[in-house]
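> My questions concern the predicted model and sequence given below.
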Amino acid sequence: MPGSSSSSAAAAWTTPLHRGCGLLRVHARFLHHHQQQPRRSRPFVVRPLMASLVAAAPAPVSRRTAAEEAVYEVVLRQAALVEEAAAAGRATPPGAPRRWADEAGAGGVGSWGLLGDAYDRCGEVCAEYAKTFYLGTQLMTPDRRKAVWAIYVWCRRTDELVDGPNSSYITPKALDRWEKRLEDLFEGRPYDMYDAALSDTVSKFPVDIQPFKDMIEGMRLDLWKSRYKSFDELYLYCYYVAGTVGLMTVPVMGIAPDSKASTETVYNAALALGIANQLTNILRDVGEDSRRGRIYLPLDELAEAGLTEDDIFRGKVTDKWRKFMKGQIQRARLFFDEAEKGVAHLDSASRWPVLASLWLYRQILDAIEANDYNNFTKRAYVGKAKKLLSLPVAYARAAVAS
Ligand SMILES: CC(C)=CCC/C(C)=C/CC/C(C)=C/CC/C(C)=C/[C@@H]1[C@@H](COP(=O)(O)OP(=O)(O)O)[C@]1(C)CC/C=C(\C)CC/C=C(\C)CCC=C(C)C
């Protein structure tokens, strides 16, 4: 498990925000990595705010944590897969299973003509549970749109295992079986229609299995873990349940052909969006989670703010709580900022849904502030009018982004 930064590393960060902010370390790692291996282009240049935070800290390399190291390995692996496929001039990497959907006569779902139905069903689920996002996918090419729907449905089903109506019956064994099923579908042996759609998707796009496995790992954590000692631990959890989504979807959404950014840079931005979304989700749901006995906040930072677990369960908004929340919101915003820089490097048709979802989710942070940080009994949400306004604005921004 994470939280294993060295003591010198721990000492290097003088405030909770600095010490815990994985984003800064991700930058540091990028700089280090790029010093070692010249790449197609430099990663995003650290912006003024980030630069001042980084400048305040000594030698970045020693500050990598086990959690970030583990996550970054997956980022590099996914990026390498995409680059390999691109270099070979094809979407699917070598070693990937044959497109079972093309195996007419072999008895696969494709040969029964059911694959189209499978994707349609994924689209229906998506339209029902994620209306705005579904709308956003309409701009994508049909192949990409269907693939993102299939990924969405798999993520939703995975999440439902531990968060849905049958969650109290879910055991680690059930998750093991879900993982086996995942491996099967990656090898072209889907169990049902939704799996069939994803099986087809992963045979067409250079999608690595690891982020999918890691999402299941996040669900495993949810079965037994209800406290996070430090931001490192929370960061890893956020990667598992949400950062993984970014890594799964970028190979499908595509990187703009004229983008000068390195592949890892774009994947890092995608990862940042997942982390930002999950941190926001956590900050919005503090009260709800505490009523389920869960605290998804770094306990060490709570303690430094003079707060205890009991303060969370009591749910009283105090000045200490406001101050603590301000720091947490600031950190989530840094992740959003990092993600936003990556959007311009996505294929142009994929930018809009990403930007719209980023803006909508980021506005939840504003809503928490507007509620005077009462996330114990008030649910922060973005009103319909604001939601609707975000769509054309994001569309216009996405259209001019380059
Ligand atoms: C275009 C686009 C936004 C694609 C993502 C579509 C997709 C596959 C979504 C899957 C979402 C899902 C069901 C995840 C399961 C785990 C989970 C529930 C995570 C939380 C999402 C919020 O879900 P929820 O329904 O509970 O929310 P509400 O309570 O209703 O508010 C998460 C917080 C995380 C979702 C994470 C993402 C959508 C990551 C997005 C990142 C990218 C699309 C990469 C963008 C690329 C760059 C370069 C920035």
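Structure's in. What do you need?

> switch to C-alpha atoms for all contacts and neighbour counts from now on
Will do.

> Go through the helix or strand encompassing P392 and flag the buried ones.
Element membership of P392, judged by DSSP states H and E, is helix 384-400. Neighbour counts over helix 384-400 (16 or more other CA atoms under 10 Å) mark 387, 390-391, 394-395, 397-398 as buried.

> anything in that helix near the ligand?
No: judged by CA under 6 Å from any ligand atom, helix 384-400 makes no contact with the ligand; its nearest approach is 11.9 Å.

> Please read off the pLDDT at D102 from the model.
Looking at D102, its pLDDT reads 43.

> what's the answer for A66, then?
85.

> Let's have the buried residues of helix 384-400 in CSV, adding pLDDT.
As requested, these are exported to CSV (pLDDT from 0 to 100):
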residue, pLDDT
K387, 83
S390, 82
L391, 82
A394, 86
Y395, 84
R397, 85
A398, 84
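
> Which of those residues sits closest to Q278?
Nearest to Q278 among the buried residues of helix 384-400 is K387, at 18.9 Å by CA to CA.

> need the contact list for the closest one.
L360 (CA atoms under 8 Å, 6 or more residues apart in numbering).

> Now with 6 Å, please.
If you count contacts by CA atoms under 6 Å, 6 or more residues apart in numbering, K387 has none.

> got it, and R144?
V252.

> So the helix or strand harbouring it, near the ligand or not?
Using DSSP H and E, R144 sits within helix 142-163. Yes: using CA under 6 Å from any ligand atom, helix 142-163 reaches the ligand at 148, 151-152, 155-156, 159.

> go on, stretch 189-207?
No: counting by CA under 6 Å from any ligand atom, the ligand has no neighbours in stretch 189-207; the shortest distance is 11.2 Å.

> In that stretch, which residues are buried?
Buried residues in stretch 189-207, counted by 16+ other CA under 10 Å: 189-190, 193-207.

> Then stretch 353-369?
353-369.

> again with stretch 149-168
Quick answer for stretch 149-168 (16+ other CA under 10 Å): 149-156, 158-159, 161-162.

> Show the average pLDDT along it.
Per-residue pLDDT values across stretch 149-168 average out to 94.

> Figure out how far that stretch is from the centre of its chain.
15 Å (CA atoms, centre = their mean, to the nearest Å).

> What residues does the stretch 151-300 of the chain have near the ligand?
Counting by CA under 6 Å from any ligand atom, the stretch 151-300 of the chain sits next to the ligand at 151-152, 155-156, 159, 241-242, 245-246, 249-250, 266, 269-270, 273-274, 277-278, 281.

> Now do the strands in the chain.
227-228, 295-298 (DSSP state E).

> and among the ones you listed, the most buried is which?
Highest mean neighbour count of the strands of the chain: strand 295-298, a mean of 22 (counted as mean count of other CA atoms under 10 Å).

> mind saving the C-alpha coords of stretch 319-329 as CSV?
Extracted in CSV, the C-alpha atoms of stretch 319-329 (Å, rounded to 0.1, in the frame of the first residue of the first chain):
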residue,chain,number,x,y,z
ASP,A,319,-13.7,27.8,11.0
LYS,A,320,-11.2,24.9,11.2
TRP,A,321,-13.4,22.9,8.8
ARG,A,322,-13.7,25.8,6.4
LYS,A,323,-9.9,26.3,6.4
PHE,A,324,-9.3,22.6,5.9
MET,A,325,-11.9,22.5,3.0
LYS,A,326,-10.3,25.5,1.3
GLY,A,327,-7.0,23.5,1.1
GLN,A,328,-8.7,20.4,-0.2
ILE,A,329,-10.6,22.4,-2.8
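
> Flag every buried residue along it.
Within stretch 319-329, the residues scored as buried using 16+ other CA under 10 Å are 321, 324-326, 328-329.

> Reformat those residues as CSV; add pLDDT and distance to the ligand.
CSV is the format used below for the buried residues of stretch 319-329 (pLDDT from 0 to 100; distance: CA to the nearest ligand atom, whole Å):
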residue, pLDDT, distance to the ligand
W321, 98, 23
F324, 98, 21
M325, 98, 18
K326, 98, 20
Q328, 98, 16
I329, 98, 15
